[in-house]
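Novice: got a predicted structure here, sequence first:
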Amino acid sequence: MSDSETPSARLLDIFQANDLSFDSAEAAWAHAEHLFPLLGWVVAHFPDPLAFQTCARWLSLCAARLEDARPAAELFAQARSSVHPRQAHIVAGGLGDLRNQWILQKKPAAAAFADSASDLAETWAAITTGEADGETEAWARAKAATRAMVTAWVIHQGQDSEDPAQRRQAQVALVGFLRDARAESGLKET
């Protein structure tokens, strides 16, 4: 995304490139069933605290429905703390450790959830400390976070994580939670 391109313009461009037209970002938020561009829009608003709050709330809403996911959501919420100058980086590392722990304990849904939270935390950390690079580009990391969260949701439902129909259903449910989180935080285009 260029410095002059707004998150809403990028959102609409992504939908347009996929033959989905919306007149505005608000129309996309009201009608889209695709998690990635909407989550990308939120992450592209980092370092806005309302964007962080939206992600934290979204993770919390999802974690309430996914076994063993709550620790990752609670850890992500600590990334905005000022306890340590590199708190967000510490949290991102902790989420990676949690993901690895869940992998070793054969809890793939919780591991995928922690992976999603880690993508968001790493982006927050990089942007808030001025260390953003190609590895932490907001839209790319939001896309990775989306894939991981959809995988977590489908696996938790006991379904094949590669089944396209199951992934579409998961996206619809997760978009609903993201809309709720955005409404609660009050994040708007500025």
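Specialist: Thanks, I have the structure now.
Novice: surely residue 40 touches residue 15?
Specialist: No - contact status for residue 40 versus residue 15: not in contact, 10.8 Å apart, counting by CB atoms under 8 Å. For the C-beta atoms, the positions are set from N, CA and C on the backbone; glycine is no exception.
Novice: okay, the two: which has more neighbours?
Specialist: Neighbour count, other CB atoms under 10 Å: between residue 40 and residue 15, residue 40 has more, with 24 against 19.
Novice: and that one, what does it touch?
Specialist: 7, 10-11, 14, 138-139, 142-143, 146 (CB atoms under 8 Å, 6 or more residues apart in numbering).
Novice: looking at the residues you listed, spot the one nearest residue 81.
Specialist: Closest approach to residue 81 among the contacts of residue 40 (CB to CB): residue 138, at 20.9 Å.
Novice: ok, the closest one to residue 9 distance?
Specialist: For residue 138, the distance to residue 9 equals 14 Å [CB to CB, to the nearest Å].
Novice: and those two? Which one has more around it.
Specialist: residue 138 (25 against 14).
Novice: please save the CA atoms from stretch 97-108 in CSV.
Specialist: Extracted in CSV, the C-alpha atoms of stretch 97-108 (Å, rounded to 0.1, in the frame of the first residue of the first chain):
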residue,chain,number,x,y,z
ASP,A,97,5.8,-20.2,22.0
LEU,A,98,2.2,-20.8,22.8
ARG,A,99,1.6,-22.0,19.2
ASN,A,100,4.5,-24.4,19.5
GLN,A,101,3.2,-25.7,22.8
TRP,A,102,-0.2,-26.4,21.3
ILE,A,103,1.4,-28.2,18.3
LEU,A,104,3.4,-30.4,20.7
GLN,A,105,0.2,-31.1,22.7
LYS,A,106,-1.6,-32.0,19.5
LYS,A,107,-4.2,-29.2,19.7
PRO,A,108,-4.2,-28.0,16.1
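Novice: any idea how many residues pack against residue 131?
Specialist: Count around residue 131 with other CB under 10 Å applied: 12.
Novice: so it, which of the three states?
Specialist: Residue 131 falls in the coil class when you classify it by DSSP: H, G, I helix; E, B strand; the rest coil.
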